[in-house]
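Asker: The following comprises the amino acid sequence and a computationally predicted model.
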Amino acid sequence: MVETNSSILNKTYKKLSIQVHLNGLSFCVKDQITKTIEVYQEASFEAFDKARSIEENLKLYLSGIPDLQNKMDEVLILHDNVMNTFVPKSLFDENYLGTYLQYNTKVFDTDYFTYDQIESADIVNVYIPYVNFNNFFIEQFGSFEYKHLSSIFIASILEKYKNHHDKMMFAYIQKNCFQLIVLNEGRLQLHNHFNYKTKEDFIYYILFTAEQLHLNPENFKLELLGEVNENDELFKMAYTYIREVKLFEAEDHYKSSFSKAINRKHNLLFES
């Protein structure tokens, strides 16, 4: 399709990305020309009025943010949940989405299934999106694209480290849970979700995964992103047992004035 001068002039070159999970959401607005993150904000559903529905609270919350009242050329919703599984592309059949998921999550006849193709890993991410949130965002923004957060995580790691030959592990840390990726020779070897309550839980899952994959803590590299810094207990615990631990350094495809901690915490949202 050929863009006319009129359609070009109507563009705002703004992209809205929203990461949503059961306990809250975060969002950012990006300028696609200057490649700048203009605004970001996050909200916890626990702070919402319990007398109203989530949808009513969200509508009130979003209506109070001036930056979201402007037109967006693109809207991307990131579904952040554990209701997903990965299938090799060579074995994938679109007619059996629910069948793939039933082995690691409880599925119901009323569930809606969808998938993301991750070309760089030659795999398909099958998942259950938050349909109620999708329906709400349709009313708010009209058409939009949506993906699973783990698809963004895997694609971004593979893109940055596709030419690396070291054995590497990456943990995307959130409150009480984290995603873990293992690369070997630049190829995806493992992805998994873990829940944790203590720093001992956290390092147990790291070391257990390493043992199952025959990775020596003296030899592989561990990079941490998400809600983590060099002074917190998770980083210190990992550094106690693994020789090479560091904080993940983002590619910074988008510039921002936010702190390194904020950029690390919201890296997947900012780079989506």
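Answerer: Arrived safely. Residues are numbered from 1 along each chain as shown.
Asker: So Lys14 sits against Val75, correct?
Answerer: No - with contact defined as Cβ atoms under 8 Å, Lys14 does not reach Val75; the gap is 9.6 Å. All C-beta spots, glycine's among them, are computed from the backbone N, C-alpha and C.
Asker: which residues in this protein form strands?
Answerer: 14-21, 24-31, 36-44, 74-79, 84-88, 114-118, 123-127, 145-148, 168-174, 177-184, 187-195, 221-226, 244-247 (DSSP state E).
Asker: Dump the ones you listed into TSV; add mean pLDDT and distance to Tyr61 as well.
Answerer: Output for these, formatted as TSV (pLDDT from 0 to 100; distance: least, Cβ to Cβ, whole Å):
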stretch	mean pLDDT	distance to Tyr61
strand 14-21	96	12
strand 24-31	94	9
strand 36-44	92	6
strand 74-79	97	16
strand 84-88	95	27
strand 114-118	96	26
strand 123-127	96	25
strand 145-148	98	19
strand 168-174	96	21
strand 177-184	95	24
strand 187-195	94	27
strand 221-226	95	23
strand 244-247	95	31
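Asker: among the ones you listed, which is nearest Arg52?
Answerer: strand 36-44 (13.8 Å; Cβ to Cβ).
Asker: Packing partners of that closest one?
Answerer: Here strand 36-44 touches strand 24-31, helix 267-271, going by 3 or more Cβ pairs under 8 Å, 6 or more residues apart in numbering; DSSP states H and E.
Asker: Any buried residues in the longest one, and which?
Answerer: Think strand 24-31. Within strand 24-31, the residues that count as buried by 16 or more other Cβ atoms under 10 Å are 24-30.
Asker: Dump it to PDB, keeping only the CA atoms.
Answerer: Taking Å, rounded to 0.1, in the frame of the first residue of the first chain, the C-alpha atoms of strand 24-31 are listed here in PDB:
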ATOM      1  CA  GLY A  24      -0.900  -4.700  37.800                       C
ATOM      2  CA  LEU A  25       0.500  -3.100  34.600                       C
ATOM      3  CA  SER A  26       3.200  -0.900  33.400                       C
ATOM      4  CA  PHE A  27       3.400   1.100  30.100                       C
ATOM      5  CA  CYS A  28       5.600   3.400  28.100                       C
ATOM      6  CA  VAL A  29       5.100   5.800  25.200                       C
ATOM      7  CA  LYS A  30       7.900   5.800  22.600                       C
ATOM      8  CA  ASP A  31       8.700   8.400  19.900                       C
END
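Asker: partners of it, with directions?
Answerer: Note on strand 24-31: by DSSP bridges, its sheet partners are strand 14-21 (antiparallel), strand 36-44 (antiparallel).
Asker: Please identify the deepest-packed of these.
Answerer: Of all the strands paired with strand 24-31, strand 14-21 carries the top mean neighbour count, a mean of 21, counting by mean count of other Cβ atoms under 10 Å.
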